[in-house]
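Colleague: No letters, just coordinates:
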């Protein structure tokens, strides 16, 4: 009887771990999606869009794609309370300015440096998760986060004495704080019984509305109309691949596994950003960069196994 009970418990534990790994995979896909931002920003900047306009384009197209998705799958999920609307408005505000300051930091430093500084948010989220969501701080989590951050520092060159634009670093750190607040607010929205797709739709709705106060919509449309034929594809791409798709997957993961673990596994973003920059934007890779990439992958693996 005891042996049978142990077998049942082991089966349940195994099933839980498999489900957790699925949600970890969602976070990894989200991180890779966010890691493509540099390529989109580089292309859209070349067409003539400003950083603020790119952030607005991202939010608007992310809203459109997520809104179409919810209309097709379950339009009833568009119904939310006034309290939930207020929380989503703040989430949208944080997302928009996270994107804007991130893009400014990319242009003033580099795609990789901006990415690692943004990813410092994992420490902030982990701290808030322990303080407010009663998540456990384990030695493995501490080691994994530190490993990921050191690895990211090697990938970007920060730890090897590369000179960095201080204003760019400042903008990246502001983006980092917005990202941390965005992650925590999503956790709060989930605790308010909001569906993940509802959070995604309303986040991008409000971030789009907020963006209109900071750009000239007519000028933005004129640049799009006078740009090359692929301008629309790039605009849709940045909205879907760096907005609605990763935002939705990230929100789902937030409902199933600890927020600190989710944010920490998202450390894969600077790895993806560095790889894409090397492959498509002409950035060079050194031995230390390779070591940093290996460290990030190791950290992600540790955190994937530490989802309790």
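Modeller: Yep, it's here. Predicted, not measured: the structure shown is a model, and the values here were computed from it. Residues are numbered from 1 along each chain as shown.

Colleague: thought residue 174 was touching residue 99?
Modeller: No - counting by C-beta atoms under 8 Å, residue 174 does not reach residue 99; the two are 11.6 Å apart. No exception for glycine: its C-beta is placed from N, CA and C like everyone else's.

Colleague: who has more neighbours, those two?
Modeller: Per other C-beta atoms under 10 Å, whichever of residue 174 and residue 99 has more neighbours is residue 99, with 30 against 19.

Colleague: Show the pLDDT at the residue lying closest to that one once chain neighbours are set aside.
Modeller: With sequence-adjacent residues excluded and distances taken as C-beta to C-beta, 6 or more residues apart in numbering, residue 99 is closest to residue 55, at 4.2 Å. In this model, residue 55 is scored at 93, pLDDT.

Colleague: Downstream of the helix or strand harbouring residue 55, the next helix or strand is which one?
Modeller: Using DSSP states H and E, residue 55 falls within helix 51-73. In the C-terminal direction, the helix or strand that comes right after helix 51-73 (DSSP H and E) is helix 82-108.

Colleague: Name the residues of that next one that are buried.
Modeller: The neighbour-count check on helix 82-108 (16 or more other C-beta atoms under 10 Å) flags 84, 87-108 as buried.

Colleague: Give me the distance from it to the chain's centre.
Modeller: 11 Å (C-alpha atoms, centre = their mean, to the nearest Å).

Colleague: so it versus helix 51-73, what angle?
Modeller: Orientation of helix 82-108 against helix 51-73 (axes from the mean of the first three to the mean of the last three C-alpha atoms, to 10 degrees) gives an angle of 140 degrees.

Colleague: For helix 82-108, name the packing helices and strands.
Modeller: helix 37-47, helix 51-73, helix 111-118, helix 166-191, helix 196-211 (3 or more C-beta pairs under 8 Å, 6 or more residues apart in numbering; DSSP states H and E).

Colleague: Next, residue 48: phi, psi?
Modeller: phi 130, psi 0 (degrees, to the nearest 10).

Colleague: show me what contacts it?
Modeller: 223, 227 (C-beta atoms under 8 Å, 6 or more residues apart in numbering).

Colleague: All set, thanks.
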